[in-house]
Each structure stands twice: as structure tokens, then as C-alpha cells.
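Visitor: Mind looking at a prediction? Sequence and model below.
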There are 2 protein chains.
Amino acid sequence: MPTRKMTSFVLPVPVTADKPSLQDNTADLDRLRHALRGQLPDSRPLEIPFARIVPLCRRFRQVGFSGVALVNDLPDKWVLADFLPAWPDQLPAMALDLGTTHLEAILVDLLTGQVLSAAGCENSQIEYGADILSRIHQATSARRQMREVADLSFIDPGLAVLQQSIVTCINGLIAELASGSGVATSDIRALSVSGNTTMAHLLLGLDPFHICREPYIPMANVVDSMEGRELGLILHDSAPVWIMPSIGSYFGGDLISGILASGLAATEQTRMLIDVGTNAEVVLGNRDWLIACAGAAGPALEGGVARMGMRAAPGAIDFVSLDPETYALEVRTIGGAPARGLCGSGLIDLVASLYLARIIDIRGKFRDPDQDSDPRRSAFMRERVVVRDGQRAFVVVTARNGLMPREPGTQGMEAPVSLEPGMAEERLAGAAMVSETGADDEVLLEQIDLDAMIRSKAAMYAVLATLVGQVGLAFSDLAEICVAGAFGNHINPRRAITLGMLPDLDLSVYRAIGNSSLQGAEQVLLSRSARQECLDIVSKITYVELNVNQDFMNRFSGARFIPHTDPSLFPSVPLFGEEKR
Amino acid sequence: MPTRKMTSFVLPVPVTADKPSLQDNTADLDRLRHALRGQLPDSRPLEIPFARIVPLCRRFRQVGFSGVALVNDLPDKWVLADFLPAWPDQLPAMALDLGTTHLEAILVDLLTGQVLSAAGCENSQIEYGADILSRIHQATSARRQMREVADLSFIDPGLAVLQQSIVTCINGLIAELASGSGVATSDIRALSVSGNTTMAHLLLGLDPFHICREPYIPMANVVDSMEGRELGLILHDSAPVWIMPSIGSYFGGDLISGILASGLAATEQTRMLIDVGTNAEVVLGNRDWLIACAGAAGPALEGGVARMGMRAAPGAIDFVSLDPETYALEVRTIGGAPARGLCGSGLIDLVASLYLARIIDIRGKFRDPDQDSDPRRSAFMRERVVVRDGQRAFVVVTARNGLMPREPGTQGMEAPVSLEPGMAEERLAGAAMVSETGADDEVLLEQIDLDAMIRSKAAMYAVLATLVGQVGLAFSDLAEICVAGAFGNHINPRRAITLGMLPDLDLSVYRAIGNSSLQGAEQVLLSRSARQECLDIVSKITYVELNVNQDFMNRFSGARFIPHTDPSLFPSVPLFGEEKR
């Protein structure tokens, strides 16, 4: 990640002017403007919003024409926002990852870059629709009845409800962050928001009607900063709001943040960024060029397809291991909570383990326990591979084991619970002590889930290969592959390689970069070059549409085996039947 | 007046963009911005206000991504205000002279410069105070009780009332102008306002508290343009409002307009601008330098001092002549209405005539009729010079002649009515036919009025002489003297020279330039260089404070005779007792 000179979104500027006299009868505002102009680091125009004139002049006079101006550092201008009697102790600003399901925010001190507090919450719009498409549907309830919108300023009542909902939700986070660091909400001087294109539309009250209709056109990708009060946010009245720009309907500001946070566009080396959400969004490039695409690779990994799939939340199985010799099965849930399903990383672990243990074949199909020559595996399979609705399924957690025990003195995230065959019953009493709540349904992996998983991993690999091929490179040319988000934090690249989902490279090439959406938002608060880079990225990135790409379709077909129809692409993955473990 | 290239405040720009497709899925706003950017004449940043995004994008899409953008041409940026389906027939904008007593406005077509309609009305704030000081008093009713304003955004209720009053008043003019040229008020795309410093404060809601308190500091002289809706005006929502900048508490935007309209700052020749209102405001200069001052020379000329003085309005005597041989007295009233008093030009005419007819002496004192050796003059004086309250006074119009007859077929403004001695009674019947209303009190010029007049004319001459002396020039170095406003339109420079009020120069040097406050406002609507010139004028003008100027006081003393203590300064004025007429 590049180190940037701190040039915060709001700049405090000490200003001292002569006091007015008969010999110097300049007006208060002109006196302030003139004195400040001389202190600004460059010649960008200085704007003073009309609504700020009275309070600014009053304060300037009150403090004897000497104090500290707060100036918003916008791409084409300086905007005088406030005037303080003295140098502030801190200058809080908020960075927000505006996710479809979850919001994460931090309060950052613009003077030091220090994080003052952090908070997160569920996206309150979930009440109106779990996914993007259903939210767009809700936001265009009335709009969809119209062929053309006669009143140009028309705001769909459905959109107004969603906008109000998310504004209230963000205001809740603002209040939480403020109280968490002992400041008033009106002391928060700036906000940056990193979200996908639709979430940005729903926050700004922009019509998302065409986002999901061919040719998939957002109303706006890049918007000038507005003031917090224009959005109804309880920040300082003149707090500038930076909305991370988008590239298109399916490539949002959250990914621009990812590019910022990974430093992808800042180095000479060519690197790759993978962000798996509902889509797999992938960017390849360096400081000279950027190429990106998004493909529907994610659903199986995020709860959209697999019946027992879920997002990385408490109760999600995020780690699975199955010893191919002893058939000892270990699973771990997030927060140590009772297992409710499998998140992406758990699913990858599980399917890779089933492949290595030869429970499934290279097509991702369950093998017949009765055809197995290994008696121990055969016994294990008879216990775990059941038939439901005429289809084979693997029992990850048995029904009465739905309550997972927490090991004393360990963190749920870090302490895999060994569930060797036959041990389940012994654990039951202890498990029940942990929690009486939580579903005690079994956690199953069905054939239909496996099939979806194979499609997803094939799509993922095809996306990566197509993108790399598009610029005439090979995977081995990549200096680094950054994997963003919860997926990146939880996934075991070794297992993903085993499945043929990620290219077979040295594990040191892979780097989990965490919540890069939030990190990018934080960077634009602290650095002008980050703010400028956002805009540069938008203008230089090339977006490859995969839905109409024949190369992608060919690669997709080739990738629908474990690890691949061409095993030479995955030399480190044992071929079925040749495992050493 | 300089001819300027038309670069209107709002620029229509034809924009045609490719339609969106799968191959070109740029967002609507970005498509519009990009296509427009390429058509703009320079690289100033293009700003798109947040509140305009939705209607702009809707319209852009509705018209098939091709039409005409309306872009506000502000000093440091372009602001996208609207998008039209086709080239407009006209682009109305409003220029406003925001006077303390009177508002004058025109609607101008920004495409052609043509005036579409005109309107005027009394300043509705008169209800709350006739002059600037009483309005400031009203606007600071609550403010004056506070030592310091704790709530920085505090708006004095008195100020709010005055602001609301003037906004309503302007909205009335907007409606009148719009209906006068058959457009909707929301079709008016820009506004420029030219007014004195206090009027600008009262319109913008700025606190005028310090304007009238030493050292006389306005809250703001130069403000960035705001949108009409921010002021509650019923123009187009995004109509930019240009407030003509001020120089100080007693040197307002109306005079900057005068400098613009006179072209004072635009030529190599040194010229002078005289604007007589409550103060005499005088500017001297050329394209390299400008020097200005304001002196309390005006009151006697505007109704503030002379008991029978009044502003140039219907019923004001604006022309007087007295034949020094026959003693035939002619007076004319504005609009041919019954005489109610004397406006500045009438007063100057009268006093100059009285001097030339030897009714008053060089000190401006009435001569004793009984001491006069000329029997005809002695008879005239005995009829006209009366004693009231122990002081001599001249009867300009006798009581029963208060109703002035209107000559059939003539304009009141252009048809002096001859009132030779003895004719008054014969005219009475006809005069009564014109109007039964109007005061029929006599119109008197009292000694006290004469004394005030002498002080005013002395102040005026001293202001002009001091200013010219300040830069080491003589009056004969001036290429032109522009006289602004009603005063300039009505005054007879010959008579003002006779009094020693204006320097004794060839009459061709004097030019009446009319309502230069309105003309300047019109110019900024039509020309970017005029807008820039306003700001340049503010930064380059030198303001001379006369109240603390000894040179001025000396010149003032010397000028308290008719025409002057040094008659050699006025070679064209007959010395008392030597008149040829």
C-alpha cells in the first residue's frame, strides 16, 4: 500500500488579519478571504458558500480577526467551511463502507490519521429487500408505471423511503461514532462513502431505474461533493461528502476503494484485485493501465445459491478440514455460535477437503459409498453422505449437533472444534450449555450446492484467466493478488487453488487486504492524491463486459472440473487418486 | 461606453452525445458532463450542483441525449444549470437597480442583448424607514441589545422583516417583467443586482450593524454568486444572482455599476464620474488607476436639507428660468403635476438664476429690495421676496398657483410654463382643471435653504477639486465628466457652473449617462469582461476618506461663494454686477 502525504479533506489554516480601522475599512468577509487566501497552499479558487457568510463573519469578528479557518479541499476549489478560535485538538471525519447488507464506519482524526472510534450495523434497507435487485424494484414502484417521467424532479415514493431509511441508519452510526469518541455529531467535519453503484443511488436519491435494464446505465457515476445537510445527515452543516465514484452499474465505488486500498494503480508492478461479493469483481493493472470486469461468480460463495450458504456472520461455518487419512472432520463457526450454514470460505474448505478425501470426483459429484475400495472412507461416507429428496448430500453438522460447544479460554474464530466420527453425542450436553437458542437443524451440502459451487469456481477462474489473457499476460506475471473483504480474510488460498478457483501460484502471492471498501474511504479523507486517484481511476479503467465475451465462455467450460480439464495448469494439486496426504 | 463581446452570464451550449449501449455504458450524468466539457470554450471546472442531477439526467435522456445545455458562466467555474430540448428563442435575465427609495429593472435577452421589458416600483422597505440609517436601525432592533451575538447564525427579526419585504418587492417586479414579455418567471435565467452597500446587506440578510458605526465596516463587500432560490426569488431555481460588489459602507455596488457603465476604467483617457444621491460619490480615473470618494454634498440636492426640496418625482420643479432683464419667471414640474417642491436640478436652476438676476449676492444671501437701484428688479423682489419667521424667502410658486396648468399637446417634462408677473391669476382656472388634488401650498426658497445649497455646492466642488488635486491633475486634464442618475439627466451643467458647483469647463465635457446603476447591472448580464471588471475595480480602486482630509476642508471654505472666492477659476461666469444678460 502506498504511503501518502497527509493532505486531509478538511484543512485547518491559521489566519490572522489586521483589525479594521478608519484607514483599513475592508468588510469582514473580504478581510477574512484576503488573509486566508495568502495562507492557502495553492491558487485554486476559494469559495465561500452564501449560507456560511453570516456565521463566518460573526465568529471572525468575535475572536478578534485571528483564529483557524477550516477549508474543505475539493478537487477544483477550496471551500471555507468554518472558523475556529484556536487550533483544534482533533478534526473528526467519518469513513463509511455502505454495503448492501452491512455498514461499517470509522471516525478518523484528520489531523493525525488516528482512528477515534468504529461502528457497524445492518443496512436498514434490508427491510425493503435483501438484495440490490429487490431494492431497485422497491425504489421504482411508481416510476415503473410511467413510460416517461413528466415531472423532471419526480422522486419515487419508494426511493424516498429507501433514502430516508439509509440516511436514518447512517445518522445512527454518526451518533454512535460521535459518542464513542466523546465529540458532538456536528464536530464531524467530513464524510466519505464507499458503496456499490445502487447503494450510492439510493443514498443520493438518484433514480436507479436503468441500472438493471439493458444496457444497464446508472444515472450518475461521478458526482461532485455535496454538503452533509443536503443529504439530511447530522454532521457539521458544511461537512463535505465524498461519494466514491463508480465505473458502471456493476462496478461501484466500493471497488474503486479497493483499488485505492490495494495500491493497484500506484505501482509499476502488475497486480490483481479480487473482491467477491454477489459478483466477483476483478481488477488487473498497474500505474499505467487498469482493466476490470465483474462476473456472476459469487452467489454460491455468499449465500445466494447454496441452500445452506450464508454470509460471513456469527454461526457461519468458515473453516472445515477433513483428514484424508483419518477422516477426522473439523469445523469452526464465526463467533463460535451454533452452526447455521456455510459461508464462502467454509464452502471452499469443505469442497476442497471432500475432493482431496475422494468423497467427490473431479466433476464435483458424490461418489458412491458402496463402490469404494477403502473401508474406512466407505464407513465415513455411509455415515455422512445421505440421500435427501433423491439426491446425495453431505452432513456437515448433524441435526443434534447444531449447537456448537465453545472451548473454554479460546476465541470462537480461532478454535476449530474437532468433530471426529462418533464424538458428536459426547459433546451434546456441553454444547447445549452454550446456547439454547439457534437452529438445531443439520447443516447439509447437497449435490445441487456442489454443482453451483463448481459453476462459481469455474466462473471465478475464467474471469481471472480472461482478464489476464486480455492483456497478453500469464498468471505468473502477477506480482501480487489482493483478495478483499470477508472472503479474503477467511479464505484459505491453498484450498481455493485445490478447487481450481484461484490460479496455482505460490501462496506468498496472495494477500488478504480486509475491508478495502472502508480503507479506501478512509484514504480519501486523509489524502488529496487519493481523492485525485479516484477520479483518475474512473477515467483510465477499461471495463470488459464478460456476458458477451466468447473467450470467457470457453474458459468457463474448461474450468468446470476439479481443478481443471487441463491439470497441468495446477501442478501443485494432487490428481484424484494420487493424494499424498 | 466600451463595446464588449457578448459573453452572457448564462451560456447555451449545444450538446450531442452517443446513445448508451452495452459497448458504451457510461452513466447519464457522466455522458452529459463529458459531451458538454468538450463544447465549453475554456478549461474552467464544470460544476453540477447536487440538487440538479436528477432533473438534468431525466431531461437529457428524455430528449435522446441531444439538446442545449445552459451553463452559468461564473468567474472561477462553469455551473450546469439546465438542459433544453432545442436552441431557445430567447434567454431572459433580469437587471435590477436596487435603490434605497426606488427599484428599476429590465428583462434582457441574453442571446441578443435586447431589452424585453422594463418595470419599476417604490422600495417597499420605505415603510420601515425612509433612509439608510433608519433601515439599519430597524434591521438591528434585537441585535443592538446584545454585546456579542452568541448564536452565530442569529438573524435579527428586524432584518428578517426587511429582507422579506425586499424579496417580495423584487418578486413583484419579476412577475411584472415576466408578464410584460410573455414568459414564465421560472424562465428568467439570471439576475444582477446593483445597489448600495446597505441595500445589498438587507437583501442578502447580512448584518448591517457595523456599517454605520465607526470605523464603518460592512459584513461583506464581495460575495460569490448564489442561486435565486437561496434568496427566495421566483426565478429559475438555478438562476445565478450577481451582487455587484461594494468598496465600503459608503461606496456601494451601484457606483461600481456607474464605473462600468461610464467606461471609466476601460479607457486610456482620464475621466470623472459624478453620482449625486444622498452623498456625492465621485470617481476619477482611467484603465490604469481609479480613485474615489464620497462626500455629504447631496442632501440639499435631494430633499434632505432644503425645506421644499424633494427627489425628482412628479410635482418636483426640475427647471427654473428667470430672465435677468424682464424678470419673467418660468418653472416646470416633472410630469406637469402640481408643484410640490424643488428637486436638485430645479434648485440649481433657481439659485443660479437668482444670482444672475442679482436677487441674491455672492454669499447666497437675499439682497434688500429697498436698497435696489433698478426699479423693475426692485418691484419683482418686493412681489417675490417675502419675510417668513423673520427670514427672507423667495416665492417660487404662489399658494394659489400650486396647481400647475398643463399646456395642451405638450409633455409635462418638456414644456416650461411661463409665469410672468401678473399672469398667475389668469392661469388659475386652467390649472385647476388639471387636478383637484395636490397641495396648493406655496413653494418657497428660504434663506436657510439657500445656505444649505451653498454648503452643498461648495462641498461638491471641493470633493471634485480635492480628488483631482490628489492625483496632481487639473480639471482641464479631464476628457469627460459623466454625471449619473436623475441628477445627471435633469441638471443644466451651465447653471451648475454658474453656481460654482461644477468646474468651468466646456459643456461638451459633461455627459449625462442616466441610470448607470441599472446599466452596469445590465452589462454584467451580457459580458464576462464586465463581470471580471467589477472584481478588478474593487481591487484597484483607492478610496479617499474626506472627513479626515485637511485639503478638502480648505477647498470647501474657498468654495462657499458664488461662484468661488477665486473667480478666476470660473472665467465664464459673469461677476456680480457685470452680467450681459
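Guide: Good, I have the coordinates. Every value quoted in this text rests on a predicted model; they were computed, and no experiment measured them.

Visitor: Could you use CA atoms for every contact and neighbour count after this?
Guide: Fine.

Visitor: Pull the number of nearby residues for the residue of the stretch 401-550 of chain A at minimum distance from chain B.
Guide: At 8.1 Å from chain B, residue A:545 is the closest residue in the stretch 401-550 of chain A, using C-alpha to the nearest C-alpha. Number of residues near residue A:545 (other C-alpha atoms under 10 Å in any protein chain shown) recorded here: 14.

Visitor: Give me the phi and psi for it.
Guide: phi -90, psi 110 (degrees, to the nearest 10).

Visitor: for chain B, what are the nearby residues on the stretch 201-350 of chain A?
Guide: A:206-207, A:214-226, A:247-248 (C-alpha under 8 Å from any C-alpha of the partner chain).

Visitor: In PyMOL, how would I select the buried members of those?
Guide: Those of those that count as buried under 16 or more other C-alpha atoms under 10 Å in any protein chain shown are selected in PyMOL with:
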select buried, chain A and resi 206+207+215+216+217+218+219+220+221+222+223+224+225+226+247+248
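
Visitor: Next step: the residues of the stretch 201-350 of chain A next to chain B restricted to helices.
Guide: Applying DSSP state H to those, no entry is found in helices.

Visitor: hmm, back to that, could you verify my assumption that the residue of the stretch 401-550 of chain A closest to chain B touches residue A:293?
Guide: Yes: if you go by C-alpha atoms under 8 Å, residue A:545 and residue A:293 touch, sitting 6.4 Å apart.

Visitor: Buried residues in stretch A:555-571, which are they?
Guide: Across stretch A:555-571, burial judged by 16+ other C-alpha under 10 Å covers A:555, A:556, A:558, A:559, A:560, A:561, A:562, A:563, A:564, A:570.

Visitor: what two of the residues you listed have the greatest distance between them?
Guide: Largest separation among the buried residues of stretch A:555-571 by C-alpha to C-alpha: A:556 and A:570, giving 15.8 Å.

Visitor: that older thread, ok, the buried residues of stretch A:555-571 vs residue A:383, which is closest?
Guide: Nearest to residue A:383 among the buried residues of stretch A:555-571, with distances taken as C-alpha to C-alpha, is residue A:562, at 24.2 Å.

Visitor: residues contacting the closest one?
Guide: Residues in contact with residue A:562 (C-alpha atoms under 8 Å, 6 or more residues apart in numbering or on different chains) are A:355, A:361, A:362, A:363, A:364, A:498, A:499, A:500.

Visitor: what's the burial count for residue A:45?
Guide: Quick note: residue A:45 (other C-alpha under 10 Å) scores 15 neighbours.

Visitor: just for the stretch 251-400 of chain A, where's the confidence low?
Guide: Residues of the stretch 251-400 of chain A that meet the criterion pLDDT under 70 lie in A:278, A:296-307, A:400.

Visitor: now the strands for it?
Guide: Here the stretch 251-400 of chain A has its strands, by DSSP state E, counting those that start in this stretch, at A:271-276, A:280-285, A:290-295, A:316-322, A:329-333, A:341-342, A:385-388, A:391-397.

Visitor: In a helix, residue A:61, correct?
Guide: Yes: the assignment for residue A:61 by DSSP: H, G, I helix; E, B strand; the rest coil puts it in a helix.

Visitor: and it, what is it in contact with?
Guide: So residue A:61 contacts residue A:28 (C-alpha under 8 Å, 6+ apart).

Visitor: mind checking pLDDT for it?
Guide: Here the pLDDT value assigned to residue A:61 is 96.

Visitor: repeat for the one 3 residues further on
Guide: In this prediction, residue A:64 carries a pLDDT score of 97.

Visitor: Does it touch residue A:19 like I think?
Guide: Yes: at 7.3 Å, residue A:64 counts as touching residue A:19 under the criterion of C-alpha under 8 Å.

Visitor: before we move on, back to that, export the contacts of residue A:562 to CSV and append columns for neighbour count and distance to chain B.
Guide: Shown next, in CSV, are those (neighbours: other C-alpha atoms under 10 Å in any protein chain shown; distance: C-alpha to the nearest C-alpha, whole Å):
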residue, neighbour count, distance to chain B
A:355, 27, 39
A:361, 17, 39
A:362, 19, 36
A:363, 16, 34
A:364, 24, 34
A:498, 27, 35
A:499, 32, 33
A:500, 27, 30
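
Visitor: from those residues, which is closest to residue A:43?
Guide: Lowest distance from residue A:43 to those (C-alpha to C-alpha) belongs to residue A:500, with 54.0 Å.

Visitor: Residue A:567 is in contact with the closest one, correct?
Guide: No: if you go by C-alpha under 8 Å, residue A:500 and residue A:567 don't touch, sitting 9.2 Å apart.

Visitor: Please produce a markdown table containing the strands of the stretch 251-400 of chain A, extended by mean neighbour count.
Guide: Below are the strands of the stretch 251-400 of chain A laid out as a markdown table (neighbours: other C-alpha atoms under 10 Å in any protein chain shown):
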| stretch | mean neighbour count |
| --- | --- |
| strand A:271-276 | 26 |
| strand A:280-285 | 25 |
| strand A:290-295 | 22 |
| strand A:316-322 | 26 |
| strand A:329-333 | 23 |
| strand A:341-342 | 32 |
| strand A:385-388 | 16 |
| strand A:391-397 | 20 |
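
Visitor: Which of those sits closest to residue A:350?
Guide: strand A:316-322 (5.4 Å).

Visitor: what angle separates that closest one from strand A:391-397?
Guide: Interaxial angle, strand A:316-322 versus strand A:391-397 (axes from the mean of the first three to the mean of the last three C-alpha atoms, to 10 degrees): 100 degrees.

Visitor: elements contacting strand A:316-322?
Guide: Under the contact criterion of 3 or more C-alpha pairs under 8 Å, 6 or more residues apart in numbering or on different chains; DSSP states H and E, strand A:316-322 touches strand A:329-333, strand A:341-342, helix A:344-356.
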